[in-house]
Every structure is written in C-alpha cells, then in structure tokens.
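Student: Fold the following.
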Amino acid sequence: MNPTHNTQRGVAAYAHVSVQCGVSSASPHRLVQMLMEGALDRIATAKGCLERKQVAAKAQQIGMAISIVSGLRASLDMDAGKEIAQNLDDLYAYMERRLFEANLRNDTSILDEVTGLITQIKEAWDAIGDQVNTPALPNSAVGA
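Tutor: Below is the predicted model:
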C-alpha cells in the first residue's frame with residue numbers, strides 16, 4: 001500500500017467534504033461567489049496544464065470552467081434582472097465561446113481574457129455582498 005496515495009486520497013476526500021459543507025450552509029450570494037472562484041481556479045489550472053503541455057488535463061479543466069460559467073448563466077433571473085441580467089447572459093455566452101476557443105487553440109491569452117472578465121464581475125459581486133448579507137435595520141433603529 002502506498003502511503004502517499006492514501007494521504008492524497010484523504011486530502012481529496014477532506015476537500016470534497018469541506019466544499020459540500022460550505023455549499024450547504026452558503027447564502028445564494030455566497031454560492032455565486034463560490035462558482036466564480038471555481039471558474040477562476042479551473043482556468044488558472046488549465047493555464048498551468050497548457051504551459052506544462054498536459055493537453056488532456058487542460059481540456060478537462062477548461063471543460064469544468066465552461067460548465068461553471070454555464071451554471072452562472074443558468075442562474076440568472078432574467079425577469080427580475082432585466083437589462084443587467086441580459087448583459088450578463090451575453091457576457092457569459094461570450095466567455096463560454098472564448099473558453100472553447102482557448103481549448104481548441106491552446107491559447108493562454110484567451111484564458112487571461114476570460115479570467116479578467118470573471119474577475120471584474122466577481123469584484124462587483126463581492127462589493128455588493130455586504131449590502132446583500134446585512135439585514136436592514138428597522139425604522140426605529142435609525143431614528144425614523
């Protein structure tokens with residue numbers, strides 16, 4: 001029995017349980033943050049795989065990133081979000097196409113482009129987090 005292999009399996013199992021616990025207790029706002037973080041992680045890993053000429057692993061990571069972006073896109077509330085939701089839908093569709101293209105062309109500059117786009121959206125999403133996660137004070141608490 002290989003102790004290194006067992007340790008790696010244990011770490012992987014712990015990470016899986018940790019993620020599951022984090023997801024089950026997360027707010028909808030936090031879930032979107034986690035998806036964006038996951039997409040960024042997958043793209044960064046894909047870029048590293050590409051630089052190391054690990055083509056199969058690169059394709060797998062980009063495939064996971066595309067799935068995450070598709071999940072973000074599917075989570076949009078088009079009725080409530082109106083123009084903003086439509087703009088995000090268009091941007092997510094663009095990112096899906098660009099990731100597919102990066103996979104076909106083995107192009108790290110496209111991965112960098114998509115990373116920049118997701119990072120901008122995530123920064124805006126993170127900024128509204130305090131407003132979304134902070135309960136409103138009753139009128140009496142603000143002197144009304």
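Student: What ranges in the protein fall below the confidence cut-off?
Tutor: 1-25, 130-144 (pLDDT under 70).
Student: The residue nearest the centre of it: helix or strand, and which one exactly?
Tutor: The centroid of the chain falls nearest to M36 when counting by Cα atoms, centre = their mean (2.1 Å). Per DSSP states H and E: M36 is located in helix 28-51.
Student: now for the following helix or strand past that helix, which elements pack on it?
Tutor: Under the assignment DSSP H and E, the closest C-terminal helix or strand after helix 28-51 is helix 55-74. With contacts taken as 3 or more Cβ pairs under 8 Å, 6 or more residues apart in numbering; DSSP states H and E, helix 55-74 sits against helix 28-51, helix 78-105, helix 108-133. In short, each C-beta sits where N, CA and C put it, glycine included.
Student: quick one: helix 55-74 to chain centroid distance?
Tutor: Put simply, helix 55-74 sits 10 Å off its chain's centre (Cα atoms, centre = their mean, to the nearest Å).
Student: List the buried residues for that helix?
Tutor: Buried residues in helix 55-74, counted by 16 or more other Cβ atoms under 10 Å: 58-62, 64-69, 72-73.
Student: ranking the helices and strands packed on helix 55-74 by burial, who's on top?
Tutor: Per residue and on average, the most neighbours among these fall to helix 28-51, with a mean of 17 (mean count of other Cβ atoms under 10 Å).
Student: what's the angle from it to helix 55-74?
Tutor: Here the directions of helix 28-51 and helix 55-74 differ by 160 degrees (axes from the mean of the first three to the mean of the last three Cα atoms, to 10 degrees).
Student: what residues are up against the residue nearest to the centre of the chain?
Tutor: L72, I118, I121, K122, W125 (Cβ atoms under 8 Å, 6 or more residues apart in numbering).
Student: run the last query once more with 6 Å
Tutor: I118, K122 (Cβ atoms under 6 Å, 6 or more residues apart in numbering).
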